[in-house]
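Colleague: Mind looking at a prediction? Sequence and model below.
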Amino acid sequence: MKTKLNLESTGTPFNTLEKNVTRDHAEQNSDSSVIIRSRGSEKVTVRKWTEKKYKSKHIADALMEVAYMNEEWEWYKKYNYTKTKCLESFVTGDGKAFGHYCKKPWCPICLAIRKSIHIHQYYPIIKEWERPTFVTLTAQAQNHRDLSMWVDLLFDKLNRILEKLEMRRYRSGSEKFRCLICIECCFNPEKNWYNPHFHIVTSNYPEGRELREEWLKAFPTKLAHPVAQYIDPVRDKLKNLVEVIKYGAKILTDAETTNKGKRERLPYIYASALHEINKVFHGRKLIRKRGFKLIKNEDEIKELVIQDLQSWSYDDFVRTWVNETTGELLTAPYIPDQNLVSIYENNLDYKSR
């Protein structure tokens with residue numbers, strides 16, 4: 001008789017850095033072996049995530065505090081889910097790990113997974129572009145009250161420009177306008193300004209130049225100054241792709257002042273500002289492609305027969321995962337360096353911004 005084990009009971013199935021898992025399914029045979037339908041992750045990969053887990057818990061704690069002070073209980077639940085569910089426990093066998101993650105944009109673990117998934121999706125396409133170009137488009141920074149409306153406006157302007165450029169090429173019989181787009185938002189703690197902006201990779205330099213020119217036409221100079229609109233041929237395709245696909249909000253805000261290019265103090269986590277950005281970006285498609293299709297992944301999920309399945313749970317005291325049966329530690333107890341402790345435990349700003 002087979003006993004089914006549901007690995008989806010606490011959320012979305014955990015996946016490897018290389019491949020995205022569509023579902024996990026497990027059946028336990030009478031001989032104690034387990035059949036799992038999943039790609040899983042290399043156990044050695046999880047061993048490297050003690051630092052990310054430490055960061056994830058402290059970021060979630062800070063955001064929960066902001067949501068609690070604002071009495072925004074739905075957001076409190078979202079942040080608490082990251083703290084209590086994301087890679088909090090998993091099972092291993094035959095060198096593979098299977099578990100759950102939260103898929104939230106403020107979680108360092110899920111950011112790493114997401115980045116790798118998108119690299120594998122987009123890099124095979126972008127590396128074939130003859131002369132890809134990196135473009136940054138921005139406009140006047142805003143306060144938190146106007147941020148959502150301003151982001152709507154920026155997306156509307158960009159979509160109209162892209163439709164115009166696509167129609168121009170259609171009428172001339174030229175090749176399609178191809179680009180990859182991501183929106184990001186930075187926070188300036190000195191002025192309490194939010195700066196949403198687009199990172200874009202176009203398939204060639206003329207497309208990038210044309211896009212920049214149309215963006216400047218769409219705004220008065222006082223709202224979108226030419227100096228702030230960056231364009232440069234891509235010299236390192238992978239590096240620029242990572243710049244585009246990194247998530248929409250910077251968790252750490254650099255110190256306001258530097259001395260000869262060096263920080264005079266460590267970055268801060270402006271939790272209230274990060275919370276405002278999370279709210280504005282919630283439900284939006286932050287990465288978009290135009291003019292090309294993704295290469296279909298032919299690699300099917302196969303059934304894996306796993307022997308001696310072991311369960312692991314995260315322990316906050318030793319900051320690593322502990323075998324639920326033997327008490328063995330997955331890694332040595334994680335001890336963050338003093339800089340990380342200062343940033344993630346002390347350099348937290350909850351002031352409403």
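Modeller: Cool, got the structure. All figures in this text were calculated on a predicted structure; none of them were measured in a lab. Numbering: from 1, shown residues only.
Colleague: can you tell me the helix or strand for residue 99?
Modeller: strand 96-101 (DSSP states H and E).
Colleague: what's the average pLDDT for that strand?
Modeller: The average pLDDT within strand 96-101 is 81.
Colleague: That one pairs with which strands, parallel or anti?
Modeller: strand 12-13 (antiparallel), strand 41-42 (antiparallel), strand 89-93 (antiparallel) (DSSP bridges).
Colleague: which is the next helix or strand following that strand?
Modeller: helix 108-126.
Colleague: Buried residues, that following helix. List them.
Modeller: Residues 108-111, 113-119, 121-122, 125-126 are the ones in helix 108-126 that count as buried (16 or more other C-beta atoms under 10 Å). (Glycine included, C-beta is placed from N, CA and C.)
Colleague: and what of stretch 123-142?
Modeller: So stretch 123-142, judged by 16+ other C-beta under 10 Å, has buried residues 125-126, 129, 132-139, 141-142.
Colleague: hey, least reliable of the strands paired with strand 96-101 by pLDDT?
Modeller: Across these, strand 12-13 gives the lowest mean pLDDT, at a mean of 36.
Colleague: Quick check: residue 90 vs residue 191, distance?
Modeller: 43 Å (C-beta to C-beta, to the nearest Å).
Colleague: who's more crowded, the two?
Modeller: residue 90 (23 against 11; other C-beta atoms under 10 Å).
Colleague: Test my guess that the more buried one contacts residue 109.
Modeller: No - using C-beta atoms under 8 Å, residue 90 is not in contact with residue 109; the gap is 11.6 Å.
Colleague: all strands in the stretch 101-250 of the chain, in order from the N-terminus.
Modeller: 133-138, 179-188, 193-202, 230-233 (DSSP state E, counting those that start in this stretch).
Colleague: Switch those strands over to a markdown table, and while doing so, append distance to residue 164 and mean pLDDT to every line.
Modeller: Output for the strands of the stretch 101-250 of the chain, formatted as a markdown table (distance: least, C-beta to C-beta, whole Å; pLDDT from 0 to 100):
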| stretch | distance to residue 164 | mean pLDDT |
| --- | --- | --- |
| strand 133-138 | 15 | 95 |
| strand 179-188 | 14 | 93 |
| strand 193-202 | 15 | 94 |
| strand 230-233 | 18 | 93 |
